[in-house]
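**Q** just coords:
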Ligand SMILES: [Zn+2]
Ligand SMILES: [Zn+2]
């Protein structure tokens, strides 16, 4: 390529970037590229190559767990730290709702279901000021990959402050009936719960309690990140 054509190309690329930014004012939260919710190469940098990790819903040690034969597996694509944590923060606190689906799609690509399932997101806390439920957005992304239904049917029974900032001990004390299923169970598909981050497993255990109380089976849980697990 002649230097002349190179200059024109870079000018054209810059102009296209500016235009994209005006039309669609988003930038990749990792590299800052305009017009991109998150670049494919950037999101791949955040996750490890494998299918993530699987832990026991009761003690968060590797699944299956000899101490808790009735536990379900919690599968996490990343560990909560670095860019994985930053993405969760920009999704939740930076109101970057659009990040939820690509994060979910990547979970769905890497972790495959054993059979037909329904995805059930953990509900947003009552009184939360967030305009959207990030777990529902992630579930929609997974559903796009798995081609399965999303049943947004769980709700907190009472106004409960966010788990953020609570000590691990207090989080673990979350009563198992804190979450309820809304309405009737309208499918006999086993349920896979979806959340953004698993810290102690207490919220997922409460969600599983609601699913079982409604008469459905919990097959497992999927999260973007496992926290507090070395
Ligand atoms: Zn990027
Ligand atoms: Zn266990």
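**A** Received the coordinates, thanks. All values derive from a computational prediction rather than experimental measurement. Numbering: from 1, shown residues only. Ligands and ions are numbered 1, 2, ... in the order given.
**Q** from here on, contacts and neighbour counts on C-alpha atoms
**A** Fine.
**Q** so the residue nearest the centre of the chain, which of the three states?
**A** Among the residues of the chain, the one closest to the centroid is residue 196, at 3.3 Å (CA atoms, centre = their mean). Under the three-state scheme (DSSP: H, G, I helix; E, B strand; the rest coil), residue 196 adopts strand.
**Q** got it, and residue 225?
**A** strand.
**Q** that one: what's it in contact with?
**A** For residue 225, the contacting residues are 76, 77, 78, 79, 80, 84, 85, 196, 197, 198, by CA atoms under 8 Å, 6 or more residues apart in numbering.
**Q** give me the nearest residue to the second one, chain neighbours excluded.
**A** To tie it back to what came earlier, the one meant is residue 77. Leaving aside its sequence neighbours, residue 77 sits nearest to residue 52 (CA to CA, 6 or more residues apart in numbering; 4.2 Å).
**Q** and residue 188, by the same measure?
**A** Residue 188 sits nearest to residue 216 (CA to CA, 6+ apart), 6.8 Å away.
**Q** OK, contacts around the one you found?
**A** By CA under 8 Å, 6+ apart, the contact set of residue 216 is 185, 188, 189, 190, 191.
**Q** so, if you compare these, which one comes nearest to ligand 1?
**A** Nearest to ligand 1 out of the contacts of residue 216 is residue 191 (CA to the ion; 33.3 Å).
**Q** about what we covered before: doesn't residue 75 make contact with the residue nearest to residue 77?
**A** Yes: counting by CA atoms under 8 Å, residue 52 touches residue 75, with 6.8 Å between them.
**Q** out of these two, which sits in the busier spot?
**A** The neighbour comparison of residue 52 against residue 75 (other CA atoms under 10 Å) goes to residue 75, with 25 against 19.
**Q** Three-state assignment for the more buried one, please.
**A** Put simply, residue 75 is strand when judged by three-state DSSP.
**Q** contacting residues around it?
**A** Here residue 75 is in contact with 52, 53, 54, 55, 220, 221, 222, 223 (CA under 8 Å, 6+ apart).
**Q** now do residue 173
**A** Each residue near residue 173 by CA under 8 Å, 6+ apart is listed here: residue 202.
**Q** look up how far residue 7 lies from it.
**A** Between residue 173 and residue 7 the computed distance is 62 Å (CA to CA, to the nearest Å).
**Q** and what of residue 14?
**A** Taken as CA to CA, the span from residue 14 to residue 7 is 11 Å.
**Q** what's around residue 66, how many residues?
**A** Residue 66: 11 surrounding residues under other CA under 10 Å.
**Q** which stretch of helix or strand covers it?
**A** Assigned by DSSP states H and E, residue 66 belongs to no helix or strand.
**Q** cool, residue 88 as well?
**A** With DSSP H and E as criterion, residue 88 is part of helix 82-92.
**Q** list the contacts for the residue nearest to the centre of the chain?
**A** Neighbour list for residue 196: 88, 134, 135, 138, 223, 224, 225 [criterion: CA under 8 Å, 6+ apart].
**Q** and it, how far is that from residue 135?
**A** Taking CA to CA, one finds residue 196 at 6 Å from residue 135.
**Q** give me the average confidence score over the helix holding residue 88.
**A** In this model, helix 82-92 carries a mean pLDDT of 92.
**Q** quick one: it near ligand 1?
**A** No: Helix 82-92 stays clear of ligand 1 (CA under 5 Å from the ion), getting no nearer than 11.8 Å.
**Q** now the strands: where do they sit in this structure?
**A** With strands called from DSSP state E, the chain shows them at 53-56, 73-79, 118-121, 154-156, 179-181, 191-198, 218-226.
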